[in-house]
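>>> Provide a 3D model corresponding to the input given below.
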Amino acid sequence: MKLKIVQAGDPILRQQSRPLTREEISSPSIQQLIGLMRDAMREAPGVGLAAPQIGESIQLAVIEDRVRYIADLSADELAERQRIAIPFHVIINPKLSFLDDSSAEFFEGCLSVEGFQAIVDRALNVRVDCLNERTGNDQCPRLVRAHSSARDRPSERNAVRRSNENADADDGREYASMLEQ
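You can find the predicted model right below:
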């Protein structure tokens with residue numbers, strides 16, 4: 001089964017998504033959905049895909065920045081874009097906390113706004129608390145920091161933030177309003 005990525009204008013992208021229960025997370029249907037979302041994200045290609053982007057109003061996103069996506073970039077381009085390879089992972093019921101007021105602008109796109117890219121202001125220091133897909137019982141609080149060092153995973157921070165916007169309609173309106181300007 002191949003998933004279709006919905007585009008801007010679809011009402012599901014503006015709906016508040018519901019959190020998943022621990023029982024739902026470990027269910028065969030959600031585990032299968034995670035695999036299908038991974039395949040759709042890779043095929044697009046993209047670095048993040050949230051469930052509302054495939055028509056499911058649940059708080060679930062997959063994230064991965066594959067080595068092959070950045071293999072042709074020079075060291076200077078990687079540093080400028082703050083890109084590093086990010087292994088595949090799943091975030092469920094994410095809660096973002098802004099640790100300070102620092103921000104920076106990043107050039108990015110969205111799989112639900114095909115062919116459109118924009119410069120987007122992003123918080124630099126955020127904390128993401130979420131569940132993962134393995135058992136539904138593992139809390140995975142993760143501190144994601146943005147610094148010039150690749151080890152601090154700034155590209156992951158941006159992918160998490162974009163995916164969270166799609167999983168949370170209130171934040172998703174930020175990106176949608178940008179398109180309307």
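>>> only C-alpha atoms from now on, for both contacts and neighbour counts.
Noted.
>>> buried sites along the longest strand along the chain?
Across the chain, the longest stretch assigned as strand under DSSP state E is strand 86-98. Across strand 86-98, burial judged by 16 or more other CA atoms under 10 Å covers 86, 90-95.
>>> wait, which of these is closest to residue 38?
Taking CA to CA as the measure, residue 38 lies nearest residue 90 of these, at 9.2 Å.
>>> list the contacts of the closest one.
34, 60-63, 132-133 (CA atoms under 8 Å, 6 or more residues apart in numbering).
>>> 10 Å instead?
Neighbour list for residue 90: 34, 38, 48-50, 60-64, 130-134, 160 [criterion: CA atoms under 10 Å, 6 or more residues apart in numbering].
>>> are any of those buried, and if so which?
Among the contacts of residue 90, those buried by neighbour count (16+ other CA under 10 Å) are 34, 38, 48-50, 60-64, 130-133, 160.
>>> got the buried residues for the longest helix seen in the chain?
The longest helix of the chain (DSSP state H) is helix 28-43. Residues 30, 33-34, 36-38, 40-42 are the ones in helix 28-43 that count as buried (16+ other CA under 10 Å).
>>> just checking, what packs against it?
helix 22-25, strand 48-50, strand 60-65, strand 86-98 (3 or more CA pairs under 10 Å, 6 or more residues apart in numbering; DSSP states H and E).
>>> what lines up beside the longest strand of the chain in the sheet?
Using DSSP bridges, strand 86-98 pairs in its sheet with strand 60-65 (antiparallel), strand 125-131 (antiparallel).
>>> from the contacts of residue 90, which shows the smallest pLDDT?
Ranked by pLDDT, the contacts of residue 90 bottom out at residue 160, which scores 61.
>>> got any ranges where the chain has weak pLDDT?
135-181 (pLDDT under 70).
>>> ok so, going back, tell me the one of the contacts of residue 90 nearest residue 23?
So of these, ranked by how close each gets to residue 23 (CA to CA), first place is residue 133, at 11.0 Å.
>>> go ahead and confirm the closest one touches residue 29.
No: using CA atoms under 10 Å, residue 133 is not in contact with residue 29; the gap is 12.0 Å.
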